[in-house]
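In: sequence plus the predicted model coming up.
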Amino acid sequence: PKGDSGPRGEQWAWTAMPATRPCFYAQTEKSKGWKMELFLHGQSVGQKVFKTASFLKPFQEAQQVCAQAGGQLPSPRNAAENEALQQLVEFENKGAAFLSMTDSQTEGRFTYPGGEPLVYSNWNPGEPNNSGGNEHCVEMYTNGKWNDRPCGEKRLVICEF
Ligand code: 293
Ligand code: CA
């Protein structure tokens, strides 16, 4: 898919960089543009890259945005990944971001998109509380803590690659 035009008229597009994960890069200034884009809007942690879309969407649309880009919503699986993602959420300054996990299958049992149970969690004290009986998605606050939320709420879209 075609991307947006940047502030200097450069074209940005989703693609697979050679020997790495798919990420956003500038066609005009290949690796230099890619590095700057990741520096400003991404986080690299281990073999994983988190990249912010900078806009807010309900969960299902957010899932589609990430899938279209060749990634998925973020699944922080340890403290280092959680902190990398938190830095991005904080820097974006657009409020909380959606994570990939839901308890849509079985209430109270949060799983990754593949259905596996969580290997790591960073719930805010008192969460998940299924407030109002309809909180099947998970948001990350700017402080890195997690809260279950209704999937129809609009939250910052960050993708994992
Ligand atoms: C309740 C109690 C609050 C909590 C909130 C969230 C909503 O209103 O303390 O912050 O639920 O869990 O997702
Ligand atoms: Ca909650």
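Out: Sure thing, it's come through. The shown structure was predicted, so the numbers you read here are calculated from the model rather than taken from an experiment. Ligands and ions are numbered 1, 2, ... in the order given.
In: residue 62 and residue 160 touch, don't they?
Out: No - between residue 62 and residue 160 there is no contact under C-beta atoms under 8 Å: 11.7 Å. Quick note: C-beta positions are derived from backbone N, CA and C, even for glycine.
In: if you count what's nearby, which of these two comes out ahead?
Out: Just comparing residue 62 and residue 160: by other C-beta atoms under 10 Å the higher neighbour count belongs to residue 62, 25 against 21.
In: confirm that the more buried one sits in a helix.
Out: Yes - the assignment for residue 62 is a helix, going by DSSP: H, G, I helix; E, B strand; the rest coil.
In: I'd like the distance between it and ligand 1.
Out: Using C-beta to the nearest ligand atom, to the nearest Å, we find residue 62 at a distance of 17 Å from ligand 1.
In: got the buried residues for the longest helix along the chain?
Out: The longest helix of the chain (DSSP state H) is helix 79-92. Going by neighbour count (16 or more other C-beta atoms under 10 Å), the buried part of helix 79-92 is 81-82, 84-86, 88-89, 92.
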